[in-house]
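>>> Sequence and predicted structure are below.
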Amino acid sequence: MDVSHDRSDGEISGSDTDPASRSEAAAVAAVSARRRRARRARSILGQLSVRARLVILLGLVAVPVIIVAVLDALERYRDDLQADRQMVGLLAEVVLREQATALTMARQTLTVLTESRDLRSPVDATFCRGDLLRAAQSMGSQYGTFFLLGPSGRLICDTLGTARDIDLASLGVFKATRENPGVAVDALASDPLTRRPAIVVALPIRLRDGAKGMIGVSVHVQGMGGVPGYGVRPETAVWIVRPGTPTVISIVGGNALLPDWPPAAFAAAARAPVMDGATRDGTPAFYALRRLAGDVHVLVGSPAAESIAAAQASLAESIAQIALYFVLSVVAVTLGAHYSVLKPLRTLGRALSQYGGAAAPFVPPPQLASMPRELRRLGKRFIAVTEAVTDRENRLTDLIEQRDLLVREMHHRVKNNLQIVSSLLNLQAQRIKQPDARAELYSARERVRALSLLHRHLYLQQEVQTIDFRSFLGELVEQMSGLLEESQRQRVAIEIDAPTIRLSSDQSVPLGLIVTEVMTNAFKHGFPDGRRGSIRIALEVRGEEAELVVSNDGLNAAPTVAEGKSDGLGDVLIAGFARQLGGTLEKSAADGAFVLRLTFPLQAAAQDG
């Protein structure tokens, strides 16, 4: 049995950790979390005013417009920068065409010269000062000098009359023509013949003796023109460069904007129309790299800081305009909501706050006719509702007055009937000869008189459900005192200590009958043979409960309480009334005094006076 019990426990535990149960618990937890978030969202929405909701609605409506406007501003920002980039690229194309035209003319001239007969005869100064000089003069000042090199790279002659036998074998174009029969182009920061930056164009030739020589021309880059007016900045610079080598020939603008690029950056720039970069000191710039011939390139650089700053200023201005538009829209909506919705609603609210039913009927505000149509309908609906409420209140008031009148009439008739019963009991008691029977009838008469007094208070006062218990208690004590003879009234002092409080009739009846029973017993047995004494009745309210204390220093109940006896009808009635009140009853007798203490909860109808 023990083993089976342990196994079943293990199976139950395993089922609780099974994957299906865990996934179900996770789904329930997720649903609960969504419901909590939904309740929290509804709570937050419930705290928003009409103005706040309209502003949020405007924000939601304006979000697509703002997004489109911001995207348009960003597009204009990119277009502004792209326009400057395009100007740099356009300038690079212009310079490239200019340089390419000069090099093409140089190549064509060299091709014509290679076909000269003089090159097939022994070459001397006459040839250099003849055909070469005429060719140089026809090309213009942009072309520095035409020169002829022998098989070893030594200068044969040039149009400048430079001394012969200068070794120019280190020139890149000489090496290129030895390896390739085509045109060779090289950029030199300092041409060894003209001592100026130049682009050298060369062609291989076959001399008369079969030796392989070279004919070339130096093209001065400074003479290739400046920066044309294509919308670029005046600080724009143009260079002739050979990537991977220190060769840099400045055409325009100097070297301030020259970038410090590795070969990979030059390769990337050659693939891009325009490239964003930075100068050696970190200043942003736009660069355009174009291949001229071989590894000789044209590089154009333009400062980008002002362009970026202008584009950013334009972007900031556009965003500021968007923000201003949104703020003005919010202000317009807020003011519109205030004057079109909130102010009329407050006016209606103030008019409604002054509505007090039939005593103060709803008076529509004078501005109702000029309010929006929806608010006019709302105001008319308010008028109809308040009229209906007022009419209903009037009917209810009439019904309540009729009910109160009927209740007072009922209490009045009950009081009269009880007085008749009291009178009949009094007559019957007078006809009975036995003292004990007569005393019992008198006690019953006092109980009836107490009830009659209570009903008299109920119909005389405005409140038909509650009575002023202090006033009722005072009149009840005075009524009970009327039973005593004049001499006994002088010997027995009665003290009442009770606050002004209204109690319901359900509690006032048993309390009044308890006081009646205790006082009747004290009058009968407490002060015989001219004994003097006092009776004290106190009511104390403590929060939601009250305590009634009735005490006397007579002889009526000391032996009974001391012996624990309570066989009389009065004791039975007192105990029953205490149970009816839901209270706790205590009796005590010490030092010649009798004390009855009743603690009971107050009903909701009880009110402090």
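That came in fine, so what should we check first?
>>> Check whether Pro197 really touches Asp186, as I assumed.
No: with contact defined as CB atoms under 8 Å, Pro197 does not reach Asp186; the gap is 11.9 Å. C-betas here are computed from N, CA, C, even on glycine.
>>> So, low pLDDT: which residues of the stretch 351-500 of the chain?
Scanning the stretch 351-500 of the chain with the threshold set as pLDDT under 70 gives 357-359, 458-459, 461-464, 483-485, 487.
>>> In the stretch 1-150 of the chain, where is pLDDT below threshold?
In the stretch 1-150 of the chain (pLDDT under 70), the answer is 1-18, 41-47, 116-131.
>>> Tell me where it has strands.
143-149 (DSSP state E, counting those that start in this stretch).
>>> any idea how far Arg107 is from Ala100?
Per CB to CB, to the nearest Å, Ala100 is found 10 Å from Arg107.
>>> Between these two, which is the more surrounded one?
Neighbours per residue (other CB atoms under 10 Å) separate Ala100 from Arg107, with Arg107 holding more: 18 against 15.
>>> and that one, what is it in contact with?
Shown in contact with Arg107 (CB atoms under 8 Å, 6 or more residues apart in numbering): Val183, Val201, Leu203.
>>> who touches both of Pro197 and Asp186?
What both Pro197 and Asp186 touch, as defined by CB under 8 Å, 6+ apart, is an empty set.
>>> give the contact list for the closest residue to Leu160 other than its chain neighbours.
Using CB to CB, 6 or more residues apart in numbering and skipping residues adjacent in sequence, the residue nearest Leu160 is Thr145, 4.8 Å away. For Thr145, the contact set (CB under 8 Å, 6+ apart) comprises Ala136, Asp158, Thr159, Leu160, Thr162, Asp191, Leu193, Thr194, Val217, Ser218.
>>> Quick check: of the contacts of Arg107, which has the highest neighbour count?
Val201 (25 neighbours).
>>> Just to check, that residue is in contact with Leu103?
Yes: counting by CB under 8 Å, Leu103 is a contact partner of Val201 at 5.8 Å.
>>> Show me the common contact partners of these two, please.
Common neighbours of Val201 and Leu103 (CB under 8 Å, 6+ apart) are Val185, Val219.
>>> one step back: just the ones of the contacts of Arg107 in strands?
Val201, Leu203 (DSSP state E).
>>> I'd like to know which of the contacts of Thr145 are part of strands.
Asp158, Val217, Ser218.
>>> sec struct for the nearest residue to Tyr77 once chain neighbours are set aside, please.
Leaving aside its chain neighbours, Tyr77 sits nearest to Leu315 (4.2 Å; criterion: CB to CB, 6+ apart). Three-state call for Leu315 (DSSP: H, G, I helix; E, B strand; the rest coil): helix.
>>> What's the local residue count around Leu315?
Every residue meeting other CB under 10 Å relative to Leu315 is counted, giving 17.
>>> doesn't Leu71 make contact with it?
No: assessed by CB under 8 Å, Leu315 is found out of contact with Leu71, at 11.6 Å.
>>> what is in contact with these two at once?
Between them, Leu315 and Leu71 share no contacting residue, judged by CB under 8 Å, 6+ apart.
>>> for the stretch 401-550 of the chain, what spans make up the strands?
Counting by DSSP E, counting those that start in this stretch, the strands of the stretch 401-550 of the chain are 466-468, 492-497, 501-504, 533-542, 545-552.
>>> by contact count, what packs against the longest one?
The reference is to strand 533-542. Under the contact criterion of 3 or more CB pairs under 8 Å, 6 or more residues apart in numbering; DSSP states H and E, strand 533-542 touches helix 469-481, strand 492-497, helix 505-525, strand 545-552.
>>> What angle do strand 143-149 and the helix of greatest length in the chain make with each other?
When the chain is parsed with DSSP state H, its longest helix is helix 50-114. On the basis of axes from the mean of the first three to the mean of the last three CA atoms, to 10 degrees, helix 50-114 is oriented at 50 degrees to strand 143-149.
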